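J.: A structural model of the following input is requested.
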Amino acid sequence: EVFPTEVLMNSGSYLNEDVIIVVERDVSERLLSHQELKHRESMFSNLFHSSPIGIAQLDHHQEIENVNQSFEDIFGYTQKEVKGLELDKLIVPDDEYKDALELSTSEIAKVYSGKRRTKTGNII
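T.: Numbers count the residues shown, from 1 in each chain. Now for the predicted structure:
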């Protein structure tokens with residue numbers, strides 16, 4: 001049977017003789033996991049970029065890492081303009097900030113309907 005392997009070689013000593021120590025490992029599962037991960041990343045990327053819903057990816061500080069084209073179209077900001085900014089401070093009107101912050105930091109998905117502010121100041 002043929003399968004992918006990883007080979008590690010080091011010089012060493014065995015019974016007072018200089019030897020080459022060879023360790024060979026089957027990496028089939030690691031390669032399969034890597035392929036599955038790449039497939040899932042590709043699916044996520046396609047969903048993210050083709051969604052008609054504006055999506056912003058946030059880091060653990062609620063700062064924007066990435067936005068899709070729909071987000072740019074809806075809010076009028078470019079990816080470059082918003083990267084590193086806190087999402088809620090950017091698009092949430094002051095009177096809804098507390099609710100939005102609770103939603104953004106929640107571990108549980110919630111249904112929410114509220115107002116948001118575009119780059120031009122329009123409330124949507």
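J.: In CSV, list the C-alpha atoms belonging to the helix or strand of the chain with the lowest mean pLDDT.
T.: Using mean pLDDT, DSSP states H and E, the weakest-scoring helix or strand in the chain turns out to be helix 97-105, at a mean of 89. Written as CSV, here are the backbone C-alpha positions of helix 97-105 (Å, rounded to 0.1, in the frame of the first residue of the first chain):
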residue,chain,number,x,y,z
TYR,A,97,-25.4,51.4,21.7
LYS,A,98,-26.1,49.5,25.0
ASP,A,99,-28.3,46.9,23.3
ALA,A,100,-25.9,46.5,20.4
LEU,A,101,-22.9,46.0,22.6
GLU,A,102,-24.9,43.3,24.5
LEU,A,103,-25.7,41.6,21.2
SER,A,104,-22.1,41.8,20.0
THR,A,105,-20.6,40.3,23.1
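J.: Centre of the chain to the helix or strand residue 74 falls within, how far?
T.: Assigned by DSSP states H and E, residue 74 falls within helix 69-75. Computed by Cα atoms, centre = their mean, to the nearest Å, the chain-centroid distance of helix 69-75 equals 19 Å.
J.: In it, which residues are buried?
T.: Neighbour-count burial for helix 69-75 flags 70-72, 74-75 (criterion: 16 or more other Cβ atoms under 10 Å). Heads up, the C-betas are built off the backbone N, CA and C, glycines and all.
J.: Fine, thanks again, bye for now.
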